[in-house]
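1. Sharing a sequence plus its predicted fold:
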Amino acid sequence: MNSKGAVLVLRWVSVGLIFLAVLLTGIQLVNYSRLRANFPDGMVIAGVPVGGLNQQDAANRLVEAYGVPIELRYGTAVIQVKPNVVGFEMDLEGMIAAADLQRTSQPFWPAFWDYLWNRLPAPQEVPLSATISQERLRSYLKDEIALRYDQPPIASMPVPGSTNFSPGSPGTTLDIDRAVTLISDALESPASRVVNLTFSQTSAPRPSMQNLQILIQQIIDINKFDGLGEIYLLDLQTGQELDFAYQQSKNPPPVIAFTGASTIKIAIMTAIMRRVKEPLSADINNEMDLMIEKSDDVAPDVLMKTYIDPTIGPLDVTADMQALGLKNTFIAGFFQPGAPLLKKFATPGNSRSDEQTNPDPYNQTTPSEMGQLLADIYQCAQNGGGTFAAVFPGQLTQSKCRTMVTFLAGDKIGQLIQAGLPDGTEFAHKHGWAIEGDGLIHHISDAGIVYSPGGNYVLAVYMYHPVQILFDPVNLMVAQISTAVYNYFNMPTK
């Protein structure tokens, strides 16, 4: 082939190559134009891949992904919640525009050139842009979830014919603040759409004191006690009181005057302690032990004559009680047999015409007043304040009150209220009964402070029978009442 032919061939080959290059470039241009019309591969909007999709298709995919209901799990309940119900709204236009800006940010031809050389930059993910109405979300959780699915606690209930209570069940309360955070996170995720709601447990409440009263009355009925009784109970944590009288299925008004017997020695101890100085002398300690622990009747006379007044000591004790607001509590003479009655006291309790217990004119009280005196001792021993600090400032100190609690805790007879308490329970009390002029027991009483794991309380139980109180059955009945009250404060839960 001559040189002319060779040149001609080369020209056609060159033309062919140029045509081929133009054709390939055109094909790449068409491909790139199509690619540029859609979002590039790898483009992610709000965690949703949209590569290869146009704006409308990308928007549809976002709506589909974020429109999936949130699944809430509360205990065994499963609740489906549509996002718009709780105020979730996406800014679709803004996110699509932000993604489209990436697609068109580089001029066409430079971008095409980079495309030909496979130098296109990796697309940047567009973050979620959305709003959540905190008000609507909280309202939904409160009105639709908590209201329907919170479980109220079930109170313990007394078991008829026993001293026990059925176990209560704790309840559940939705943690709304935590739920708002968890649901907000789920609404902002296209994949994690399940929320395990958290909740707190609420303790099973005690039954009402009225239910406790019914249980105590059943105990009295089961024991066939047909005399008159009055029970006073004070919850030392809450200040809630129960004070009722009971006789043969009837509830006469409380605040009935009873013979104080040896429980009046709590008042004598209080009056002595406000007049003496600390540390107590050995003589005072000895006489206090005899009066409280041994229930000796000589010791209170010795204390009143020595440290209050040898002639009218009992009246000064009464004046102290009246200063404390105890209108029905008095001691009108010394304990010594044949001691004169120093004064005759008319009180609201012994002036009643509806209920009378033929109380001793020498010393009387009511269950509520003896309970209140014990509560004053307890409060003073705990923090040095209370009624004592207001009425007798600086005279009944916290140290003295703790000493009084110690004296009362020494009264360990293992009967009445103490017999109904678990072994080892701290119990500061004074019991009382006496063989009266006819040689029989008509009044029996016990009043004290019980320190229990479930709460501390004051319990005062006073019983009267016009014919005779038989000690053993009444002792057992009072112990059962004590057990019922202890169980009320320390009931089990499921």
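-> Cool, got the structure.
2. For residue 407, pull up the helix or strand it's in.
-> helix 398-409 (DSSP states H and E).
3. Return the per-residue confidence for residue 121.
-> Per-residue confidence for residue 121 comes out at a pLDDT of 50.
4. before we move on, back to that, tell me which other helices or strands the helix holding residue 407 touches.
-> helix 265-273, helix 282-292, helix 367-383, strand 426-435, strand 441-451 (3 or more C-beta pairs under 8 Å, 6 or more residues apart in numbering; DSSP states H and E). In short, each C-beta sits where N, CA and C put it, glycine included.
5. repeat that for 6 Å
-> When contacts are defined as 3 or more C-beta pairs under 6 Å, 6 or more residues apart in numbering; DSSP states H and E, helix 398-409 packs onto helix 265-273, helix 367-383, strand 426-435.
6. Toward the C-terminus, what is the element adjacent to the second one?
-> When you say that, I think you mean helix 367-383. Next along from helix 367-383, by DSSP H and E: helix 387-391.
7. roughly how far out does that following helix sit from the chain middle?
-> 30 Å (C-alpha atoms, centre = their mean, to the nearest Å).
8. i'd like the first residue to be 42 from this point on
-> OK, 42 is where the count begins now, so the last one is helix 428-432.
9. May I see the buried residues of that helix?
-> Neighbour counts over helix 428-432 (16 or more other C-beta atoms under 10 Å) mark 428-430 as buried.
10. Of all the helices and strands in the chain, which has the lowest average confidence?
-> helix 149-157 (a mean of 49; mean pLDDT, DSSP states H and E).
11. ok, back up a step: any idea which of the helices and strands packed on helix 439-450 is most buried?
-> Among the helices and strands packed on helix 439-450, helix 306-314 has the highest mean neighbour count (mean count of other C-beta atoms under 10 Å), at a mean of 26.
12. Could you list the low-pLDDT ranges of this protein?
-> Along the chain, the parts satisfying pLDDT under 70 run over 42-78, 144-164, 533-535.
13. which one of the buried residues of helix 428-432 is nearest residue 484?
-> Set against residue 484, the nearest of these by C-beta to C-beta is residue 428 (26.6 Å).
14. Residue 283 versus the spatially most central residue of the chain, what's the distance?
-> With distances taken as C-alpha atoms, centre = their mean, the residue of the chain nearest its centroid is residue 244 (6.3 Å). From residue 244 across to residue 283, the span is 21 Å (C-beta to C-beta, to the nearest Å).
15. In the helix holding residue 448, which residues are buried?
-> In helix 439-450, counting by 16+ other C-beta under 10 Å, buried: 439, 441-442, 444-446, 448-450.
16. follow-up on the earlier one: export the buried residues of helix 428-432 to TSV and tack on distance to residue 300?
-> Formatted as TSV, those follow (distance: C-beta to C-beta, whole Å):
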residue	distance to residue 300
428	25
429	26
430	31
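17. Return the closest of these with respect to residue 186.
-> residue 428 (47.9 Å).
18. Is that closest one in contact with residue 415, as I believe?
-> No. Taking contacts as C-beta atoms under 6 Å, residue 428 lies outside contact range of residue 415: 11.7 Å.
19. For residue 187, list the residues it contacts.
-> residue 215 (C-beta atoms under 6 Å, 6 or more residues apart in numbering).
20. and it, backbone torsions?
-> phi -60, psi -40 (degrees, to the nearest 10).
21. and the gap between it and residue 214?
-> 7 Å.
22. try residue 325
-> Residue 325 is 54 Å from residue 214, by C-beta to C-beta.
23. What of residue 229?
-> Residue 229 is 26 Å from residue 214, by C-beta to C-beta.
24. The two - which one has more neighbours?
-> residue 229 (18 against 14; other C-beta atoms under 10 Å).
25. if I look at the residue nearest to the more buried one when sequence neighbours are not counted, how far off is residue 140?
-> Distance criterion C-beta to C-beta, 6 or more residues apart in numbering; nearest residue to residue 229, sequence neighbours excluded, is residue 169 at 5.7 Å. To residue 140, residue 169 is 12 Å away according to C-beta to C-beta.
26. Over to residue 310?
-> Counting by C-beta to C-beta, the gap from residue 310 to residue 140 is 87 Å.
27. Tell me the buried residues in stretch 202-209?
-> Quick answer for stretch 202-209 (16+ other C-beta under 10 Å): 203-207, 209.
28. Tell me which residues are up against it.
-> 195-200, 245, 521, 524-525, 528, 532-535.
29. Just the buried ones out of those residues, please.
-> 195-197, 199, 245, 521, 524-525, 528, 532.
30. any idea which of these is closest to residue 476?
-> Looking across the buried ones among the contacts of stretch 202-209 and measuring by C-beta to C-beta, the closest to residue 476 is residue 521, at 24.3 Å.
31. How about the helix or strand encompassing that closest one, which residues are buried there?
-> Secondary-structure assignment from DSSP H and E places residue 521 in helix 512-530. Neighbour counts over helix 512-530 (16+ other C-beta under 10 Å) mark 515-530 as buried.
32. Does anything pack onto that helix? Which helices or strands?
-> Right, helix 512-530 is packed against helix 250-263, strand 498-505 by 3+ C-beta pairs under 6 Å, 6+ apart.
33. re earlier: so which of the helices and strands packed on helix 439-450 gets nearest residue 278?
-> Nearest of the helices and strands packed on helix 439-450 (C-beta to C-beta): helix 408-424, 11.2 Å.
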